[in-house]
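K.L.:
got a structure for you, letters missing:
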Ligand code: ADP
Ligand code: MG
Ligand code: ZN
């Protein structure tokens, strides 16, 4: 006969052991579901409170809960904090000594343990399976369950074998938990783990205290410096794609007087630990890090997160910005995106050893990331729908909601870009095309004679950022194609012909923010030759004036500016 637990009993347990007065999100329903011995798939954002979903039932059920968790550090943390709350818990992992292991066996035999944490490698070993099958396991929880799926981010092959463990205990509740699972991953988790018609508990992913902003990756360092000026003393993270850039960005921030450090996987465990601690204690304000930073960090007052480079997909992005504002206070996130980053990430995927269908998924995810950057409707909704949450009303906080892009007739702009591209024989990438349109004096342009084409400088009244925004929209609208196999060169499509020759019009979005930014932006830099020539003209002008004064000769007769 199954025990029935009342609402009061469950709430009392929450108060008694965890000290909280109420449940968050769907915790209560998830716990009741487990107490009713049913399977569930729990998707809740990081920091949402997944652990209690399996910890609390373990206290009410007979026997002990078995928890699979991939990170030793996280396991240790959890076991420590459970013990501190008076809950007997232990973890089995590769760092245990023989005697410690014996102690755990002993405690288990005496019924002195309520939660046993095990790494997935350990959990699927013959030895462990033999041992555990005779034990009174009350509940099986698979934390970070996205590791089961190759569609996920950090796929772990041994996770696939966890169904062995699950099938050893067909009659207890199984709970798979994760913070990051899109639709495909959700299905895969349930399939791979042989869950029995699991109930999906999808808590809202919306972090209402986070504001998101996305801008093209121009002048990133200056922008970050301005950003920091506006946020004196506020702790934050700058995520970079490469180790090298974490070091470079950290150095620039240090030079500007900020307490900044870098953090990446190539550093010793000790170094990393020290930096993490100094950040925790607010002795460091900024960490410039690769994605290695974050797994398991629990700093609640991170006020901002900047992505120096494009993240590889929306899961990573959401997980990383999710580290801001754990304390619930308003926090800002800023993402710099660029086609150069897109290209690098794309190459990572294409050149990897992975199977083709895996690559396809990763590429599709990367494309979604880029689409997010170029969104012209609520960004929050875009992410939420990526995780399977669909809704009508917009968030009111993201940059698109606060500064909605305005549609306008962009036909002339589009024609300029297309025609410049064609005149350049479709041999330029976006950057170079913009330089030509803006009349840049970069040596490459002069050497190639690009300054001689008819549309050179035809778009100098439009800022670089705006051009990026417009050309990106043109790519999205199918007017340009990017040839990634050949230096990301832009090719005008058949649709482009319609705009150039058949009177087709194009609507573009404009962003007030860009307008503002472009007013701050300087005109293209002058080349040395040009400066020299201007100097020469100045000298000549002076001479002319002098001559005019001395000899009464009208200046235009002798020297004109066209000389
Ligand atoms: P997740 O695993 O989903 O990232 P955790 O289980 O680590 O989140 O919980 C994050 C924090 O939220 C922890 O400090 C936890 O004690 C706290 N927490 C969980 N449930 C509640 C609750 N009902 N009320 C208040 N705090 C809670
Ligand atoms: Mg967790
Ligand atoms: Zn929005």
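P.N.:
All right, it came through fine. If you're wondering where the values come from, they're calculated on a predicted model, not measured in any experiment. Residues are numbered from 1 along each chain as shown. Ligands and ions are numbered 1, 2, ... in the order given.

K.L.:
where's residue 261, which helix or strand?
P.N.:
strand 260-263 (DSSP states H and E).

K.L.:
direction included, what does that strand pair against?
P.N.:
Paired strands of strand 260-263, with direction, are strand 286-289 (parallel) (DSSP bridges).

K.L.:
got a list of contacts for the helix or strand following the strand it pairs with?
P.N.:
Per DSSP H and E, the first helix or strand lying C-terminal to strand 286-289 is strand 304-307. The contact list for strand 304-307, computed with C-beta atoms under 8 Å, 6 or more residues apart in numbering, reads 224, 227, 231, 234, 236-239, 317, 320-321, 323-324, 331-336. Placement of C-beta: from N, CA and C, glycine included.

K.L.:
filter the residues you listed down to the buried ones.
P.N.:
Neighbour-count burial (16 or more other C-beta atoms under 10 Å) applied to the contacts of strand 304-307 gives 224, 227, 234, 236-239, 317, 320-321, 323-324, 331-336.

K.L.:
which residue sits closest to residue 156 in space, ignoring its chain neighbours?
P.N.:
On the basis of C-beta to C-beta, 6 or more residues apart in numbering, the spatially nearest residue to residue 156 that is not a chain neighbour turns out to be residue 147, at 4.2 Å.

K.L.:
and residue 331, bridged to which residues?
P.N.:
Beta-bridge partners of residue 331, as defined by DSSP bridges: residue 210.

K.L.:
could you measure it against residue 125, distance?
P.N.:
42 Å (C-beta to C-beta, to the nearest Å).

K.L.:
then residue 224?
P.N.:
Relative to residue 125, and taking C-beta to C-beta, residue 224 is found at 47 Å.

K.L.:
just the ones in strands from the contacts of strand 304-307, please.
P.N.:
236-239, 331-336 (DSSP state E).

K.L.:
redo these as TSV? Include distance to residue 310.
P.N.:
Formatted as TSV, these follow (distance: C-beta to C-beta, whole Å):
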residue	distance to residue 310
236	19
237	16
238	14
239	10
331	21
332	18
333	14
334	13
335	8
336	8
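
K.L.:
now the two most distant members of these.
P.N.:
Spanning the widest gap among the ones in strands among the contacts of strand 304-307 are 331 and 336, at 17.6 Å by C-beta to C-beta.

K.L.:
hmm, the residue nearest to residue 156 is touching residue 121, no?
P.N.:
No. Residue 147 is not in contact with residue 121 according to C-beta atoms under 8 Å; the separation is 11.7 Å.

K.L.:
among the two, which residue is more densely surrounded?
P.N.:
residue 147 (24 against 16; other C-beta atoms under 10 Å).

K.L.:
which residues sit in contact with that one?
P.N.:
70, 120, 154-156, 159.

K.L.:
residue 246: which of the residues you listed is nearest?
P.N.:
For those, the nearest to residue 246 is residue 154 (19.8 Å; C-beta to C-beta).

K.L.:
now do the helix or strand residue 191 falls within: which elements does it pack against?
P.N.:
Element membership of residue 191 [criterion: DSSP H and E] is helix 183-192. Judged by 3 or more C-beta pairs under 8 Å, 6 or more residues apart in numbering; DSSP states H and E, the packing partners of helix 183-192 are strand 40-43, strand 174-178.

K.L.:
contacting residues for residue 445?
P.N.:
432, 435-436, 451.

K.L.:
now do 6 Å
P.N.:
435, 451 (C-beta atoms under 6 Å, 6 or more residues apart in numbering).

K.L.:
follow-up on the earlier one: out of the contacts of strand 304-307, which are close to ligand 3?
P.N.:
Among those, no residue is within reach of ligand 3 (C-beta under 5 Å from the ion).

K.L.:
so the nearest residue to residue 322 once chain neighbours are set aside: helix, strand or coil?
P.N.:
Using C-beta to C-beta, 6+ apart and skipping residues adjacent in sequence, the residue nearest residue 322 is residue 46, 4.8 Å away. Secondary structure assignment for residue 46 (DSSP: H, G, I helix; E, B strand; the rest coil): coil.

K.L.:
can you count the residues close to residue 46?
P.N.:
Neighbours of residue 46 (other C-beta under 10 Å): 17.

K.L.:
surely it meets residue 180?
P.N.:
No. Using C-beta atoms under 6 Å, residue 46 is not in contact with residue 180, being 8.1 Å away.

K.L.:
now residue 162: how far from ligand 3?
P.N.:
From residue 162 across to ligand 3, the span is 38 Å (C-beta to the ion, to the nearest Å).

K.L.:
then residue 497?
P.N.:
Taken as C-beta to the ion, the span from residue 497 to ligand 3 is 36 Å.

K.L.:
go on, residue 32?
P.N.:
34 Å.

K.L.:
which bits of the stretch 351-500 of the chain sit near ligand 3?
P.N.:
So the stretch 351-500 of the chain meets ligand 3 at 378, 380, 394-395, 398, 401 (C-beta under 5 Å from the ion).

K.L.:
at 6 Å instead, please
P.N.:
378-380, 394-395, 397-398, 400-401 (C-beta under 6 Å from the ion).

K.L.:
quick one: low-confidence parts of the stretch 451-563 of the chain?
P.N.:
512-563 (pLDDT under 70).

K.L.:
if we go to 50?
P.N.:
521-523, 553-563 (pLDDT under 50).

K.L.:
tell me the helices in it, going along the chain?
P.N.:
For the stretch 451-563 of the chain, the helices defined by DSSP state H, counting those that start in this stretch cover 464-476, 494-501, 512-520, 528-551, 555-558.

K.L.:
find the nearest non-adjacent residue to residue 293, please.
P.N.:
residue 263 is the one closest to residue 293 (C-beta to C-beta, 6+ apart), at 4.6 Å.
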